[in-house]
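>>> build me a model:
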Amino acid sequence: MDSIAGRPDADIAVEYAQQIPAQVIATMLGVPTTMKDQFTTWVRNTLEAGLTNPELRIKTRAELQDFFIGEIRNRRETGSTSDLIGELVHAEHDGEPYPDGLILGMCGLLLIAGVDTTWSGIGSSLWHLATHPEDRIRLVQEPELIPSAVEEFLRAYSPVTMARLVNEDMEYEGCPMKAGDRILMAFPAANRDPQHFERPDEVIIDREHNRHVAFGAGIHRCVGSNLARMEMRVAIEEFLARVPDFELREDAEVTWAGGQVRGPRTIPVRINKSIGH
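Just a heads-up that it's a prediction; the model follows:
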């Protein structure tokens, strides 16, 4: 924040939004925060580049596995329980330790599911504020609305869709599906359903009734939802406190990632120093 707040412009996706979740996950796992750039590379290779490059995806998976196997071995040798990996390594269920394969899967899921999704949520929120000055000004003047705004940004710019495997032949709303088919559940579309949301295509930062499904629903609902909410809230609070006046640069080319996770990869903004701190 110090370097951004003191400059006339910045890419707040690359320099801010994308820096936060990787550091949070690194801290939880008990690995150096200097790993954040490597984490970012692994996540992008898995969720973006790897979608069209199977060899890269396989290579990335092997690198991830080797890294976490080393971390698990380290916790076993040192007896450390000061971080999540250590807690899992030394935890027991019904008197039995968790198998390494389970711990490995949990660490990989935490990294892949906890980084790109959250930085996309933070980035989409900041993009909205950079393009809607009335909402930005209101949140600066009424920061108590930020938690409500976070829920609305999640609804309007849901970063995640979820793939599912069809178990048996069926038809839903006129759409036939066969066992083994892969389908994509469009949470962003559900969150703009006019039967459930008033003025669904408008972003209303003080929306009172907002039962969105950005984090899914039922038994598969995101277990990290509260962490993601906290990261988004704190990221917006801190940014607006230091940079209350910003907007997209006139020549800005905002790029967005697609696939199962959608969010801005670049947000070039101009910072108005006459109002900023």
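>>> list the buried residues of stretch 7-21.
10, 11, 12, 13, 14, 16, 17, 18, 19, 20, 21 (16 or more other CB atoms under 10 Å). Glycine gets a C-beta too; all of them are placed from N, C-alpha and C.
>>> neighbours around residue 158, how many?
24 (other CB atoms under 10 Å).
>>> hang on, the earlier thing: now render the buried residues of stretch 7-21 as a markdown table, adding pLDDT, secondary structure and distance to residue 172.
Below are the buried residues of stretch 7-21 laid out as a markdown table (pLDDT from 0 to 100; DSSP: H, G, I helix; E, B strand; the rest coil; distance: CB to CB, whole Å):
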| residue | pLDDT | secondary structure | distance to residue 172 |
| --- | --- | --- | --- |
| 10 | 96 | strand | 45 |
| 11 | 97 | strand | 42 |
| 12 | 97 | coil | 40 |
| 13 | 96 | coil | 36 |
| 14 | 94 | coil | 40 |
| 16 | 97 | coil | 41 |
| 17 | 96 | helix | 36 |
| 18 | 94 | helix | 37 |
| 19 | 93 | helix | 41 |
| 20 | 95 | helix | 38 |
| 21 | 95 | helix | 34 |
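>>> just the helices in the protein please.
2-5, 20-29, 36-44, 50-52, 54-78, 84-90, 100-114, 116-131, 133-141, 146-156, 187-190, 225-242 (DSSP state H).
>>> run the angle between the longest one and helix 100-114 for me.
Here helix 54-78 points in a direction 120 degrees away from that of helix 100-114 (axes from the mean of the first three to the mean of the last three CA atoms, to 10 degrees).
>>> tell me what helix 54-78 is packed against?
helix 36-44, helix 50-52, helix 84-90, helix 100-114 (3 or more CB pairs under 8 Å, 6 or more residues apart in numbering; DSSP states H and E).
>>> with just CA atoms, put the first one into PDB.
Presented in PDB, the C-alpha positions along helix 36-44 are these (Å, rounded to 0.1, in the frame of the first residue of the first chain):
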ATOM      1  CA  LYS A  36       3.700 -16.200  -2.900                       C
ATOM      2  CA  ASP A  37       5.000 -15.700  -6.400                       C
ATOM      3  CA  GLN A  38       5.600 -19.400  -6.800                       C
ATOM      4  CA  PHE A  39       2.100 -20.100  -5.400                       C
ATOM      5  CA  THR A  40       0.700 -17.600  -8.000                       C
ATOM      6  CA  THR A  41       2.500 -19.400 -10.800                       C
ATOM      7  CA  TRP A  42       1.200 -22.800  -9.700                       C
ATOM      8  CA  VAL A  43      -2.400 -21.600  -9.400                       C
ATOM      9  CA  ARG A  44      -2.300 -19.900 -12.800                       C
END
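>>> just checking, what packs against that helix?
Helix 36-44 packs on helix 20-29, helix 54-78, helix 100-114, going by 3+ CB pairs under 8 Å, 6+ apart.
>>> switch the cut-off to 6 Å
Packing contacts for helix 36-44, counted by 3 or more CB pairs under 6 Å, 6 or more residues apart in numbering; DSSP states H and E, involve helix 20-29.
>>> what residues does stretch 195-209 touch?
135, 145, 148, 149, 152, 156, 192, 194 (CB atoms under 6 Å, 6 or more residues apart in numbering).
>>> max pairwise distance over those: which two?
Greatest spacing in the contacts of stretch 195-209, by CB to CB: 145 and 194 (24.1 Å).
>>> in stretch 125-134, what counts as buried?
Here stretch 125-134 shows 125, 126, 127, 128, 129, 130 as buried, counting by 16+ other CB under 10 Å.
>>> thinking the fifth one is in contact with residue 137, fair?
No. The pair formed by residue 129 and residue 137 falls short of the contact definition of CB atoms under 6 Å, at 9.4 Å.
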